[in-house]
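[1] sequence and predicted structure are below.
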Amino acid sequence: MSANSVNDTAREVETLSDEELLAWLRLAFVFRGRAREAVQLVAAFGLPETIFELPRATVKDRIGREAASELFSAEAEAAAEKALTWLRRTPTADVVLVTDPFYPKELIASGTSDVLLFIRGRRETLVRPRVTLLISAKADAEGRRNLKDFAAALAENGVTAVLAGETEAELTGVAAASQTPGGIIIAATAGPDRVPSALCLPVWKKAEQAGLILTGHFPGTSATDVGYEARDYLLAAMCRGLLVVEAERRDPLLDIMRRAAELGRDAAAIPGSIHSPLYKGNHLLIRQGAKLTESLEDLMKDFGLTGN
């Protein structure tokens, strides 16, 4: 495969042959969240496309009957063909292979990484340090203002803000970070060809131009519970740390924070009024050890970030 340096921003899909890309796509379809196994398989046979030129029995002896059956299935082949067609027809689309220097090292270190990620936008965004920003769907005006300010400030200081980018509150942060090239990554719940709603469309378009939209799901995949779980894992795993802007005591965002804590990620939360239910989750996190954050300077220091 090609060995791009982090200074080479050419689309990966432009450097790979159809045969090689199809092979990687079939591997990605079968070895979801198990990139290490796929890489070991490629290493055993030299090139990804070589795997599909071998007798099925040879591959079965290496990975077992069930995995080999899936790998050579019509379903995997059709999914790879469909994805290849979409990639070739979409100018802003690309993939980031797990063997690529651009692939988030935090995801690899987490032990649960996809063989490849589908992206739309500027792949060089992935070389910047990242902080995930979380905010309740019920966020008030103060929370949205804080999210906007932190997202913009991080982006301006060389740190990419990672957001889900679906709720109206989240879109406030996406729009702010998208003012700076490389300032935003949207972790998506569905395939790279899907946008959650009409409300998201113009904001996601701007994010695609400034940063990128990222997902492990194949084109044509709709959002499901599994999709949200995978999205939440990206939010927890692919960053240096996470900042909670507003969260209620039982907010689902706290599940993301628990996963991030298991992965050893830094945690921070903005304090708020003791009378507001929208900050009960924040205060709980602070009592549990999350850093109390009142400014960008606090966040950069606590997360060990140096900025531009």
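    Nice, thanks for sending it over. Numbers count the residues shown, from 1 in each chain.

[2] contacts only, for the closest residue to N157 other than its chain neighbours.
    Leaving aside its sequence neighbours, N157 sits nearest to G307 (CB to CB, 6 or more residues apart in numbering; 3.8 Å). Placement of C-beta: from N, CA and C, glycine included. Contacts here follow CB atoms under 8 Å, 6 or more residues apart in numbering; on that basis G307 touches N157, G158, V159, M300.

[3] what of D94?
    With contacts defined as CB under 8 Å, 6+ apart, D94 is in contact with R11, E12, V13, L87, F118, I119, R120, R123.

[4] span of stretch 96-115 from start to end?
    9 Å (CA to CA, to the nearest Å).

[5] buried stuff in it?
    96-100, 102-104, 106-108, 110, 113-115 (16 or more other CB atoms under 10 Å).

[6] same question for stretch 199-213.
    Within stretch 199-213, the residues that qualify as buried by neighbour count (16+ other CB under 10 Å) are C200, V203, W204, K206, A207, E208, A210, G211, L212, I213.

[7] from those residues, pick the one nearest P181.
    Within those, proximity to P181 (CB to CB) peaks at A210, which comes in at 5.6 Å.

[8] convert the lowest-mean-pLDDT helix or strand in the chain to PDB, retaining C-alpha atoms only.
    None of the helices or strands of the chain scores lower by mean pLDDT, DSSP states H and E than helix 12-15, at a mean of 82. As requested, C-alpha coordinates have been extracted for helix 12-15 and formatted as PDB (Å, rounded to 0.1, in the frame of the first residue of the first chain):
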ATOM      1  CA  GLU A  12      -5.800   7.900  -0.300                       C
ATOM      2  CA  VAL A  13      -8.300   6.800  -2.900                       C
ATOM      3  CA  GLU A  14      -6.200   8.400  -5.600                       C
ATOM      4  CA  THR A  15      -3.100   6.400  -4.600                       C
END
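
[9] with only the CA atoms kept, save the helix or strand following that helix in PDB.
    Later in the chain than helix 12-15, the nearest helix or strand by DSSP states H and E is helix 18-30. What follows is helix 18-30 as a C-alpha-only set of coordinates in PDB (Å, rounded to 0.1, in the frame of the first residue of the first chain):
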ATOM      1  CA  ASP A  18      -9.300  -0.500  -7.400                       C
ATOM      2  CA  GLU A  19      -8.100  -4.000  -6.500                       C
ATOM      3  CA  GLU A  20      -6.200  -2.800  -3.400                       C
ATOM      4  CA  LEU A  21      -8.900  -0.500  -2.200                       C
ATOM      5  CA  LEU A  22     -11.600  -3.200  -2.700                       C
ATOM      6  CA  ALA A  23      -9.500  -5.600  -0.700                       C
ATOM      7  CA  TRP A  24      -9.200  -3.200   2.200                       C
ATOM      8  CA  LEU A  25     -12.900  -2.400   2.000                       C
ATOM      9  CA  ARG A  26     -13.800  -6.100   2.200                       C
ATOM     10  CA  LEU A  27     -11.500  -6.500   5.200                       C
ATOM     11  CA  ALA A  28     -13.100  -3.400   6.800                       C
ATOM     12  CA  PHE A  29     -16.600  -4.800   6.300                       C
ATOM     13  CA  VAL A  30     -15.700  -8.100   8.100                       C
END
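
[10] noted, bye for now.
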